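> predicted coordinates and the sequence they were generated for:
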Amino acid sequence: MTCIAHALHDGYTDLTYVMLPVWQADFGLSYATLAALRGLYVGAMASFQLPAGRLAEQFGGRAILVLGTILAAAGWTLAGVSGELVGIYGALLISGSGASTQHPIASGAVARAYGKDARGPLGIYNFAGDLGKAALPSVTSLLLGFLPWRNALWGVSGIGFAVAAALWLFVPVTGRAQRTKNTYRASGRGGFPVLLLIGVLDSAVRMGLLTFCPSS
């Protein structure tokens, strides 16, 4: 179920790339506005990850993950009913904040479940996110071929509500997350800034390219 959650949330995140050219044509948006829309979603998703982890410690990971999935789907529902650009901004803020719950909670659940043997399962978990990035935008693109974009968004948001129900039914209830003391070696700590820099550069280049190329 954590893989399904990762696929859905990452699919919703990359769904913005499909919708930006559509919104540009429908609302007459500038490139700066397109960047702001994409930045709002990603910014909300990044900003709420630490609070999501804190909330999971208090209320349990399943409850927060289900709530986040509902918010992620509800944001796209709101985008489908919005007739104004300000509604799109609000929808992306809601969906992005909901999508923030998946990484700290679901990946943490995989790591705790497998312990020292988590490298392989985490690889599968990360690959599931890539599958979601490919599948959900592709499905939406197909729907846009014969449905208005608002109806297409209602369809993909319905998938999110179904996944939220499945998470509630099948993810086991856990108590407060237990904080564990990390025992990384000093050499491992030194590599973190390098990995962080690589991640920042990768995201900046990839997101910039994917935001502007389809709208050119």
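Good, I have the coordinates.

> in this protein, where is pLDDT below threshold?
Along the chain, segments meeting pLDDT under 70 span 173-216.

> can we see that at 80?
Low-confidence segments of the chain (pLDDT under 80): 1, 83, 107-119, 121-122, 171-216.

> so residue 161 sits right up against residue 73, yeah?
Yes - the criterion here is Cβ atoms under 8 Å, and residue 161 meets it with residue 73 at 5.1 Å. For the C-beta atoms, the positions are set from N, CA and C on the backbone; glycine is no exception.

> of these two, who's got more company?
Higher neighbour count among residue 161 and residue 73: residue 73, with 26 against 15, using other Cβ atoms under 10 Å.

> need the overlap of contacts for residue 161 and residue 73.
Shared contacts of residue 161 and residue 73 (Cβ atoms under 8 Å, 6 or more residues apart in numbering): none.

> for residue 82, give me its contacts.
Contact analysis of residue 82 by Cβ under 8 Å, 6+ apart lists 88, 90, 91.

> distance check, it against residue 1.
31 Å (Cβ to Cβ, to the nearest Å).

> what about the closest residue to residue 147 other than its chain neighbours, neighbour count?
Distances taken as Cβ to Cβ, 6 or more residues apart in numbering place residue 155 nearest to residue 147, at 7.4 Å, with adjacent residues excluded. By other Cβ under 10 Å, the residues close to residue 155 number 14.

> can you give me the buried ones in the helix or strand residue 155 falls within?
Residue 155 is part of helix 149-170, with elements assigned from DSSP states H and E. Under the neighbour-count criterion of 16 or more other Cβ atoms under 10 Å, helix 149-170 has 149, 152, 153, 154, 156, 157, 159, 160, 163, 164, 167, 168 buried.
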